[in-house]
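Visitor: just a sequence and a predicted model for now, questions to come.
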Amino acid sequence: MVKQTPKKLLLAAATVASLPALASAGARDYAQLGQPCMQRYDSSAKVYKDISSLWKRNDKCQPGLLSNSTTTSPAESRFALTCFVAPNDTGMDPRSGTMDLEGTCLKSSCVGVNYDNVDILPEDQERVTICHRTENELNPWVRMTVDKQAWSDSNNDCGFTTEDYIVKEHGSPNLVQDQMNKGHITDFTTTQEYWGYWERACPYVRQSPEHTHRCCQGPDCCGDARDDAPQEPESPATATATAQFERKLEGPGCKAPPQEAYTQSIYVTFMGEAGQEGMDLEARIAASGTSITEMQEEIKNIYNTQGRFGQCVFFQRLIESVTFDTIEPIVPAINKEYLLTGFRAKATVTGLCTGCQEHLFLPTDSCRDTEPSSCNTCQIPNSDEGEIIQLAGKDLYPQINSNLGTAGEAAEIIRIEGDVVGEPACDPNQLKYLESTGEVVCL
């Protein structure tokens, strides 16, 4: 058995610093939070598994949900453990097809699940895949899928580093299942196959395109093991300047992540149908086979993906949430013959940006403006050049309609804009309508 002595891990260090008192009595023979554990890497299945042994239970993390007796909230006190060994993987494929590795028992919300505890995932828990920076020179990056709440909470005890960054936001397992049922996810045939790819920890040493058992593809990989990796090393000055920020993406020339919180409004116009008069916004969207929640997530995810999570879009704008206003009445849309052809709804967007507080969101008068960038993340396909872009609503809604299957339906989006200002206030005896030009009139 080959055992790798782990170097100090940031995640482990942050956890061990304040170990909770476990309320699981009689669990002394299992490894607890912050204690060493063992896993066996199965090269044929590309997964880490517990080592089958009844007499060495102390090599395994305590199974099931544990309790943190120092936390007053029952919901917050429950957690599961994962034996986190990926940073200590050497990338070897021994003759037997397996390799034993030493790791640390850490919270599954912080490091993801493995083959032995995948069943602890709540169906409504949102997941996000990140690239995590370790202190292991041989294995400096690990791609792993964690709880979105743990990633977003700056007060968590996960020990995420200043260089960690997001690869993909998944939503919940329920959402993935729904998207797959609707045919919006086509790269995988089953949800088991989907999560089998994204949930397994993928260490740097198995990310090379030349590796026999590669565990990721292209932009799904981390650091300079990516196919589109930057060729120039990051300078010490750049590294020092970016270390103060919570989320860094990658590569020389890339800007530091945005830090300024913003809240702005956007206006979404739907094609609609005249026969749906009297239906509220939620009912109209539901009639198209989707939901407000799914549409809000699509707007956020598509914008963030196209803007490379703030790195490649003007003002480094990153969307954290989109919330439709279901209280304010929708504005009916009319054509030149004054026939009802659709409706407009308002949504509130929150997120982070750099210097965008006084700048309108999705402005129609400056869409697709560009400026050159040396950031590798913003590189134009098949080109040595990179650019920062100004995204417009028309860059988003065709893909939203396609992903949600709303094209040609009652909730097909035909306009998204953020520069609706100076609209007239209608008299009490008048109604507000939206013309085909996007302007509001009182009739």
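Guide: The structure has been received and is ready for your questions.

Visitor: isn't there a helix covering Asn139?
Guide: No: Asn139: not assigned to a helix; according to DSSP: H, G, I helix; E, B strand; the rest coil it is coil.

Visitor: thought it was touching Gln207?
Guide: No: checked against CB atoms under 8 Å, the pair Asn139 and Gln207 is beyond contact range at 9.8 Å. (Glycine included, C-beta is placed from N, CA and C.)

Visitor: please say which of these two ends up with more neighbours.
Guide: Using other CB atoms under 10 Å as the criterion, Asn139 and Gln207 rank with Gln207 on top: 26 against 22.

Visitor: what pLDDT does the model give the more buried one?
Guide: With respect to pLDDT, Gln207 scores 89.

Visitor: backbone dihedrals for it, please?
Guide: phi -100, psi -10 (degrees, to the nearest 10).

Visitor: which residues does it contact?
Guide: By CB atoms under 8 Å, 6 or more residues apart in numbering, the contact list for Gln207 reads Trp141, Arg143, Arg214, Cys215, Cys216, Cys221, Cys222, Gly223, Ala225, Arg226.

Visitor: ok, now with 10 Å
Guide: Gln207 sits next to 91, 131, 139, 141-143, 214-217, 220-227 when contact means CB atoms under 10 Å, 6 or more residues apart in numbering.

Visitor: in the protein, which helix is the longest?
Guide: helix 292-306 (DSSP state H).

Visitor: so where's the stretch 101-250 of the chain shaky on pLDDT?
Guide: Across the stretch 101-250 of the chain, the ranges flagged by pLDDT under 70 are 154-155, 225-250.

Visitor: just the helices from it, written as ranges.
Guide: 108-111, 148-152, 173-181, 191-199, 236-242 (DSSP state H, counting those that start in this stretch).

Visitor: domain assignment for this protein?
Guide: Domain segmentation of the chain under automatic domain parsing yields 10-229, 260-442.

Visitor: residues contacting Asp147?
Guide: Shown in contact with Asp147 (CB under 10 Å, 6+ apart): 107-110, 112, 121-122, 125-128, 153, 156, 158.

Visitor: buried subset of the residues you listed?
Guide: By neighbour count, with 16 or more other CB atoms under 10 Å, these hold Lys107, Ser108, Ser109, Cys110, Gly112, Leu121, Gln125, Glu126, Arg127, Val128, Asn156, Cys158 as buried.

Visitor: what's around Ser43, how many residues?
Guide: That count, for Ser43 with other CB under 10 Å as the rule, works out to 16.

Visitor: now the phi/psi pair for it, please.
Guide: Per degrees, to the nearest 10, the backbone of Ser43 is at phi -70, psi -30.

Visitor: before we move on, the earlier item: so which of the buried ones among the contacts of Asp147 is the closest to Cys254?
Guide: Val128 (19.8 Å; CB to CB).

Visitor: mind listing what the biggest strand by length in the chain pairs with, with the direction of each?
Guide: What stands out as the longest strand in the chain, according to DSSP state E, is strand 340-353. Strand 340-353 pairs in its sheet with strand 260-270 (antiparallel), strand 318-324 (antiparallel), strand 331-334 (antiparallel), by DSSP bridges.

Visitor: quick one: which of those strands is nearest Glu102?
Guide: strand 318-324 (37.4 Å).

Visitor: tell me the gap between the closest one and the middle of its chain.
Guide: The chain centre lies 13 Å from the centre of strand 318-324; the measure is CA atoms, centre = their mean, to the nearest Å.

Visitor: and stretch 143-161, how far out from the chain's middle?
Guide: Centre-to-centre, stretch 143-161 and its host chain are 11 Å apart (CA atoms, centre = their mean).

Visitor: buried residues of it, list them for me.
Guide: 143-148, 150-151, 156-161.

Visitor: from the residues you listed, which is closest to Leu175?
Guide: Set against Leu175, the nearest of those by CB to CB is Lys148 (11.6 Å).

Visitor: verify the stated contact: that closest one with Arg127.
Guide: Yes: the criterion here is CB atoms under 10 Å, and Lys148 meets it with Arg127 at 6.3 Å.

Visitor: overlap in contacts of the two?
Guide: Residues touching both Lys148 and Arg127 (CB under 10 Å, 6+ apart): Glu169, His170, Gly171, Ser172.

Visitor: weed out the non-buried ones from those.
Guide: Glu169, His170, Gly171, Ser172.

Visitor: for these, work out which two are farthest apart.
Guide: Counting by CB to CB, the most remote pair of those is Glu169 and Ser172, 10.8 Å apart.

Visitor: no more questions from me, cheers.
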